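Chemist: What follows is a protein structure lacking sequence information:
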């Protein structure tokens with residue numbers, strides 16, 4: 001045993017000494033010792049621990065029977081063996097029992113490669129069954145509009161039921177019947193319509209619950225996963241984007257104790273999956289008479305530097321979906337042209353709160369960076385107005401619902417965007433920029449937390465991040481140097497913006513950091529799942 005540490009409980013797991021806080025469950029203490037105990041019903045984000053699957057049984061010296069490590073709290077001097085012959089045999093027996101009626105459909109199951117039953121069966125070498133009778137077949141059902149339930153794959157760990165009841169505060173999902181006839185279903189006469197129901201697919205350790213729009217789309221080993229931030233609302237949930245053939249096919253929550261714990265809402269999932277659909281602007285366009293004609297980037301920057309050389313007034317419009325770095329360089333461009341302030345439109349919707357974690361909610365502000373837009377001097381406006389004199393600069397806003405003659409007066413409009421709407425076709429120049437999933441950068445959530453997101457998709461044509469396009473344009477006009485990567489863009493923003501002082505690319509990491517002076521809601525730290 002290592003030297004005792006005051007206030008902590010000292011235990012030994014598989015000959016590895018570890019000191020943990022009082023009240024720590026044994027399965028969590030083992031992880032701190034580098035020992036992963038198999039589990040099905042246990043999930044660190046779900047408060048109830050039913051010890052139902054019995055696959056986490058371990059041997060504790062001085063106790064006559066094996067104990068479920070997910071409910072046993074550590075005691076001083078406890079010595080635990082997770083790989084003893086008795087514990088290993090018990091684990092094999094549990095897995096064999098679960099496989100009695102489990103279908104051999106791994107080749108078509110969407111969880112293959114990410115299935116805990118598959119992993120543990122392979123690890124214990126249980127590739128053959130002694131069961132010779134016919135397997136029971138339960139078929140599949142729909143537990144929600146977008147979630148399918150394969151009952152014969154289900155191992156009745158009850159994670160889904162307990163998440164809905166204990167975290168989402170919704171008792172719609174139940175275990176119906178008993179014994180070998182038991183299955184997951186909705187309570188008679190009730191529909192599963194909770195805004196956070198998609199998390200039951202994430203917590204399912206096997207392939208029993210599947211998003212219908214993901215069914216048969218990709219295998220785990222075919223997808224590239226990228227850590228990012230959900231742009232669906234101003235909460236900024238941490239997510240992982242799974243990509244195949246340059247398309248986002250699945251979005252899953254990524255653990256961050258300070259923002260969203262293990263969860264996210266369904267609106268964010270669907271918003272991010274659909275965000276890169278539709279026709280895009282792929283090359284720079286410059287007006288020649290009545291038409292917009294394609295040009296190279298060099299030609300576009302030279303044309304813009306000359307066209308904007310005499311501008312000394314105008315208006316600025318931004319999108320709260322743009323990154324902090326893009327907003328910073330855009331504000332510099334506007335200031336260079338004598339344009340002070342600017343506005344943005346913010347889509348709003350209904351709020352939905354996760355009852356077991358009230359800090360996490362689908363917020364009314366349906367954009368990830370309205371707080372960032374405010375920090376750079378842009379204010380929310382119900383409607384957009386073109387500049388009555390000078391030039392109107394537009395960053396990111398698709399000008400949907402705006403009259404087609406928008407900004408045709410004065411010196412016209414310069415449009416930095418990813419899609420062409422009827423109003424944006426009036427622009428004197430169109431510069432193609434990337435969407436959220438096609439670049440790296442940072443956003444600031446409603447609580448003032450700055451978080452990094454990473455590029456997951458390749459942009460179409462020669463579209464580039466707004467911070468790259470704007471810094472290059474400023475350099476062409478003789479104001480600073482162009483930046484070519486997101487880290488340099490962040491450094492330039494931090495050095496030029498007092499609101500972002502003290503932030504750094506390394507300091508933000510994958511969890512983010514608060515703006516100086518911003519109060520942060522505290523979420524309880526949980527061990528990894």
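Modeler: Everything's here; your move. Since the model is a prediction, treat every value here as computed from it, not as a measurement.
Chemist: Low-confidence stretches in the chain?
Modeler: Applying pLDDT under 70 to the chain flags residues 1-6, 519-529.
Chemist: can you map out the helices along it?
Modeler: Taking DSSP state H, the helices of the chain run over residues 26-32, 85-98, 116-124, 159-162, 199-203, 266-274, 297-307, 324-336, 370-375, 466-476, 486-496, 505-508.
Chemist: want to throw those into TSV with distance to residue 439?
Modeler: The way it works is simple: take the backbone N, C-alpha and C, and place the C-beta from them, glycine included. What follows is the helices of the chain, written out as TSV (distance: least, CB to CB, whole Å):
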stretch	distance to residue 439
helix 26-32	35
helix 85-98	44
helix 116-124	35
helix 159-162	35
helix 199-203	26
helix 266-274	14
helix 297-307	16
helix 324-336	9
helix 370-375	15
helix 466-476	8
helix 486-496	7
helix 505-508	14
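Chemist: Now tabulate the ones you listed in a markdown table and tack on mean neighbour count and distance to residue 177.
Modeler: Output for these, formatted as a markdown table (neighbours: other CB atoms under 10 Å; distance: least, CB to CB, whole Å):
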| stretch | mean neighbour count | distance to residue 177 |
| --- | --- | --- |
| helix 26-32 | 23 | 29 |
| helix 85-98 | 17 | 18 |
| helix 116-124 | 17 | 21 |
| helix 159-162 | 24 | 13 |
| helix 199-203 | 23 | 19 |
| helix 266-274 | 20 | 28 |
| helix 297-307 | 16 | 65 |
| helix 324-336 | 26 | 53 |
| helix 370-375 | 24 | 48 |
| helix 466-476 | 24 | 56 |
| helix 486-496 | 19 | 53 |
| helix 505-508 | 12 | 49 |
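Chemist: Which one of those lies nearest to residue 145?
Modeler: Taking CB to CB, helix 266-274 is the member of these nearest to residue 145, at 10.0 Å.
Chemist: Now do the closest one: which elements does it pack against?
Modeler: Helix 266-274 sits against strand 238-244, strand 247-253, with contacts defined as 3 or more CB pairs under 8 Å, 6 or more residues apart in numbering; DSSP states H and E.
Chemist: CSV please, covering these and showing mean neighbour count and distance to residue 136.
Modeler: Formatted as CSV, those follow (neighbours: other CB under 10 Å; distance: least, CB to CB, whole Å):
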stretch, mean neighbour count, distance to residue 136
strand 238-244, 21, 33
strand 247-253, 20, 30
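Chemist: Out of those, which gets nearest to residue 324?
Modeler: It's strand 238-244; of the helices and strands packed on helix 266-274, that one is closest to residue 324 (CB to CB) at 16.6 Å.
Chemist: the inter-axis angle of that closest one versus helix 266-274?
Modeler: For strand 238-244 against helix 266-274, the angle by axes from the mean of the first three to the mean of the last three CA atoms, to 10 degrees is 40 degrees.
Chemist: How about residues contacting strand 238-244?
Modeler: Applying CB atoms under 8 Å, 6 or more residues apart in numbering, the external contacts of strand 238-244 come out as 217-218, 222-230, 248-256, 259-260, 264, 268, 272, 437, 451, 456-457, 510-511.
Chemist: one step back: please name whichever of the helices of the chain is nearest to residue 361.
Modeler: helix 266-274 (11.0 Å).
Chemist: relative orientation of that closest one and strand 247-253 in degrees?
Modeler: Helix 266-274 runs at 160 degrees relative to strand 247-253, counting by the same axes, to 10 degrees.
Chemist: contacting residues around helix 266-274?
Modeler: Taking CB under 8 Å, 6+ apart as the rule, helix 266-274 contacts 146, 195-198, 213, 230-233, 237, 239, 241, 248-251, 349, 352, 362, 366, 436-437.
Chemist: out of the helices of the chain, nearest to residue 427?
Modeler: Of the helices of the chain, the one closest to residue 427 (CB to CB) turns out to be helix 297-307, at 11.3 Å.
Chemist: okay, how far is it across stretch 10-25, tip to tip?
Modeler: Counting by CA to CA, to the nearest Å, you get 13 Å between the two ends of stretch 10-25.
Chemist: buried stuff in that stretch?
Modeler: 10-14, 18-20, 24-25 (16 or more other CB atoms under 10 Å).
Chemist: Which ones among the residues you listed lie within strands?
Modeler: 10-13, 18-20 (DSSP state E).
Chemist: mind putting these in TSV, distance to residue 124 included?
Modeler: Shown next, in TSV, are those (distance: CB to CB, whole Å):
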residue	distance to residue 124
10	31
11	25
12	24
13	20
18	25
19	31
20	27
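Chemist: Please identify which of these is nearest to residue 410.
Modeler: residue 20 (67.0 Å).
Chemist: Wait, that closest one touches residue 30, no?
Modeler: No: the criterion here is CB atoms under 8 Å, and residue 20 misses it with residue 30 at 9.7 Å.
Chemist: Just the buried ones out of the contacts of strand 238-244, please.
Modeler: In the contacts of strand 238-244, the ones that pass as buried (16+ other CB under 10 Å) are 218, 223, 226-230, 248-256, 259-260, 264, 268, 272, 437, 451, 456-457, 511.
Chemist: who touches stretch 84-97?
Modeler: Residues outside stretch 84-97 that contact it (CB under 8 Å, 6+ apart): 38, 53-55, 57-59, 66, 81, 117, 120-121, 124, 126, 129-130.
Chemist: Widest-spaced pair of those?
Modeler: 81 and 129, at 27.8 Å, using CB to CB across the contacts of stretch 84-97.
Chemist: which one of the two has more residues nearby?
Modeler: residue 81 (18 against 13; other CB atoms under 10 Å).
Chemist: and the more buried one, what are its bridge partners?
Modeler: In this entry, residue 81 is beta-bridged to residue 59, by DSSP bridges.
Chemist: show me what contacts it?
Modeler: Listed by CB under 8 Å, 6+ apart, the contact partners of residue 81 are 14, 58-61, 87.
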